[in-house]
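Enquirer: how does the following fold in three dimensions:
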Amino acid sequence: MPNFRDVQIEILGEKYKYRVDEPEEIINKILNEIKSEVENMATNFGKDKINYILLLLLLNERLNVIKTKDEIKNIIDKFETIIKDGDYEEQKDTDSFISWE
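Expert: Numbering: from 1, shown residues only. Below is the predicted model:
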């Protein structure tokens with residue numbers, strides 16, 4: 001059974017509370033990064049645009065997840081091709097191998 005705990009963060013004067021079951025060091029790192037990014041973006045867009053800023057961060061994160069998944073798929077495809085070509089080369093070598101009994 002997950003061990004949930006409450007976490008809270010204040011960003012631009014607003015308090016946000018969540019229940020999480022991830023390790024504290026991971027959650028703290030994520031929340032601190034989000035807080036830093038939001039506060040940096042607020043200097044460009046204005047503090048009253050918190051919903052816009054949070055949505056922009058979410059869109060950027062989803063874009064990064066999609067790009068990462070595509071990169072992983074490309075790497076897997078590349079390795080599968082290498083392995084398949086390696087099997088073919090191994091088979092080709094085996095076909096011409098002579099053995100004495």
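
Enquirer: for the rest of this, base every contact and every neighbour count on C-alpha atoms.
Expert: Noted.

Enquirer: what helix or strand is the residue positioned nearest the centre of the chain located in?
Expert: Centroid-nearest residue in the chain: residue 65, 5.1 Å away (criterion: Cα atoms, centre = their mean). Residue 65 is part of helix 50-95, with elements assigned from DSSP states H and E.

Enquirer: roughly how far is the worst-scoring helix or strand of the chain on mean pLDDT from the heart of the chain?
Expert: The weakest-scoring helix or strand in the chain, judged by mean pLDDT, DSSP states H and E, is helix 50-95 (a mean of 85). Computed by Cα atoms, centre = their mean, to the nearest Å, the chain-centroid distance of helix 50-95 equals 12 Å.

Enquirer: so which other helices or strands are in contact with it?
Expert: helix 24-45 (3 or more Cα pairs under 8 Å, 6 or more residues apart in numbering; DSSP states H and E).

Enquirer: in the helix it packs on, what's buried?
Expert: The neighbour-count check on helix 24-45 (16 or more other Cα atoms under 10 Å) flags 31, 34, 35, 38, 39, 41, 42 as buried.

Enquirer: okay, it in CSV with CA atoms only?
Expert: Taking C-alpha atoms only, helix 24-45 is exported to CSV below (Å, rounded to 0.1, in the frame of the first residue of the first chain):
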residue,chain,number,x,y,z
GLU,A,24,10.9,13.2,-0.8
GLU,A,25,14.2,14.0,-2.6
ILE,A,26,12.5,13.5,-6.0
ILE,A,27,9.4,15.6,-5.1
ASN,A,28,11.5,18.4,-3.6
LYS,A,29,13.7,18.5,-6.7
ILE,A,30,10.7,18.7,-9.0
LEU,A,31,8.8,21.3,-7.0
ASN,A,32,11.9,23.5,-6.7
GLU,A,33,12.5,23.3,-10.4
ILE,A,34,8.9,24.2,-11.2
LYS,A,35,9.0,27.1,-8.7
SER,A,36,12.2,28.4,-10.2
GLU,A,37,10.9,28.1,-13.8
VAL,A,38,7.5,29.8,-12.9
GLU,A,39,9.2,32.6,-11.1
ASN,A,40,11.6,33.2,-13.9
MET,A,41,8.8,33.2,-16.5
ALA,A,42,6.7,35.5,-14.3
THR,A,43,9.3,38.2,-14.9
ASN,A,44,8.5,38.0,-18.6
PHE,A,45,4.7,37.4,-18.6
